[in-house]
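> Give me the fold of what follows.
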Amino acid sequence: MRKKRLHFSFLSAISVVLLLSMGMTFVISHNRVNSKEAIVSSEAVRPVALAAPTSYAAQAPAILGASTANSAQAAAQPRAEAGRAASSSGATAAASSAKPSLLNAKTAAAAPVVYRVTAYYLNVRANGYSTSKILGTVKQGTELRVEKVTDKGWLRLEGGGYVHGGYAKPVGASAQTAAAVLKRPAAVTKTDAMLVKAAPAKPAVMRLAPVKPAKPSEPSQPKSLVKSVSGLSVAHIAEIFENTALEGHGLEEEILAIEAEYGINAYFTIAVMKLESGNGKSKIAKNKNNLFGLNAIDGDRYNKALKFETKRASVRKFGQLISKSYIGKGYTTIEKIARKYCPANPKWPSLVTKIMKADYRKL
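From the prediction side, this is the model:
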């Protein structure tokens, strides 16, 4: 009986030991599973929460050594991406800040340049050529806003119309930029053009009233005062030259040009031309294109007379001569000019006046 009790006690002890061993294994295994679940859960949310590596150590101390490196790398990646995003954002901001400067540069280049009229009177034409329709006239000192200079030297005005560039000069600061802005404009890319179109520049100076189309000019009655307005047009002068040797040489525009620049009445220029060249038929007029007998001294008129490449060139020379050597020195009427221009012929002033009146009646 005693042996049976010892045997039972031995078996009971073994059973208790086995049960205790199994229970400890289950608890340890269970704890490990819970730890792994916590790690997996932490890894799943790490890219979103961008948690610091120490959070993983708090959740899973057993793998701190292995997870710290991985966590640092994972945390560095979002920082690098954030840095690149910031850099990209900075570049975009810089580009945005650069746009106004580019826009200002392009629109400044497109802004009109102010010119001041230097001629006594200057015709404003519909297009940039000498035979174009005259829209009106502007007086000496008038300021014009110019958008462009054509290849042939005509100035295209803001609001419409053209004037010849030889009779107007850039004003103030415009003089320094006129050539670069108008004659040699910078190339504009498609992007630049879009920027300029999006925000056009405001004019740098006060807008001038556009030239109003004038009524067809009416010829004025000829006067003894040489520096005066004739009211003649290209068509009027062409009509005066009909059936003469002066017809067809393009003299009309040049005659009006010296009236515009120097104020010399076109009637006077035409009358002197007709008188001195025999209506364009004289030998000097035909062979030397000298329509005014310039430097044709008595005794050897032909050989001493000046020679010109074209008849228009002689008109230009006449205008310069009368302006500088006659009007500029007080010889302002036909009678006064006659004393110096043709002292040998006392009838010269009356002959010139007679031709002027006849031309006026013809119109």
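> Pull the CA coordinates from stretch 155-164 and hand them back as PDB.
Provided in PDB are the C-alpha atoms of stretch 155-164 (Å, rounded to 0.1, in the frame of the first residue of the first chain):
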ATOM      1  CA  LEU A 155       7.200 106.500 -88.600                       C
ATOM      2  CA  ARG A 156       4.000 104.600 -87.800                       C
ATOM      3  CA  LEU A 157       1.900 106.600 -85.300                       C
ATOM      4  CA  GLU A 158      -0.100 105.300 -82.500                       C
ATOM      5  CA  GLY A 159      -3.700 105.700 -83.500                       C
ATOM      6  CA  GLY A 160      -3.000 105.500 -87.200                       C
ATOM      7  CA  GLY A 161      -1.100 107.400 -89.800                       C
ATOM      8  CA  TYR A 162       2.500 107.800 -90.900                       C
ATOM      9  CA  VAL A 163       5.000 110.700 -91.000                       C
ATOM     10  CA  HIS A 164       8.500 110.800 -92.600                       C
END
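> Buried residues of that stretch, list them for me.
Neighbour counts over stretch 155-164 (16 or more other C-beta atoms under 10 Å) mark Leu155, Arg156, Leu157, Glu158, Gly161, Tyr162, Val163, His164 as buried. In short, each C-beta sits where N, CA and C put it, glycine included.
> Phi, psi for the fifth one please.
In this entry, Gly161 is assigned phi and psi values of phi 100, psi 160 (degrees, to the nearest 10).
> Hmm, Val124 and it touching each other?
Yes. Assessed by C-beta atoms under 8 Å, Gly161 is found in contact with Val124 at 4.4 Å.
> picking up where we left off before, hmm, which two among the buried residues of stretch 155-164 are most spread apart?
For these, the maximum inter-member distance is 16.7 Å, found between Glu158 and His164 (C-beta to C-beta).
> and this structure, what are its domains?
What automatic domain parsing lists as the domains of the chain is 2-78, 112-198, 234-362.
> Quick one: end-to-end distance for the longest one.
Read that as domain 234-362. Separation of the first and last residues of domain 234-362 by C-alpha to C-alpha, to the nearest Å is 15 Å.
> when you give positions from now on, start the count at 849
Okay, residue one is now 849; in that scheme the one you just asked about reads as domain 1082-1210.
> now that domain: mean pLDDT?
In this model, domain 1082-1210 has an average pLDDT of 93.
> Which one among the buried residues of stretch 1003-1012 sits at the bottom for pLDDT?
Scoring those by pLDDT puts His1012 last, at 85.
> backbone phi and psi for that residue, please?
Torsion angles, degrees, to the nearest 10, at His1012: phi -80, psi 130.
> For it, list the residues it contacts.
Leu970, Ser978, Gly1001, Trp1002, Leu1003, Ala1105 (C-beta atoms under 8 Å, 6 or more residues apart in numbering).
> Taking those residues together, which two end up most distant?
Across the contacts of His1012 (C-beta to C-beta), the longest gap, 14.7 Å, separates Leu1003 and Ala1105.
> Can you show me the helices along the stretch 999-1148 of the chain?
1022-1026, 1038-1046, 1082-1088, 1099-1110, 1114-1125, 1131-1136 (DSSP state H, counting those that start in this stretch).
> To Trp1196, which of the ones you listed lies closest?
Of all the helices of the stretch 999-1148 of the chain, helix 1114-1125 comes closest under C-beta to C-beta, at 7.6 Å.
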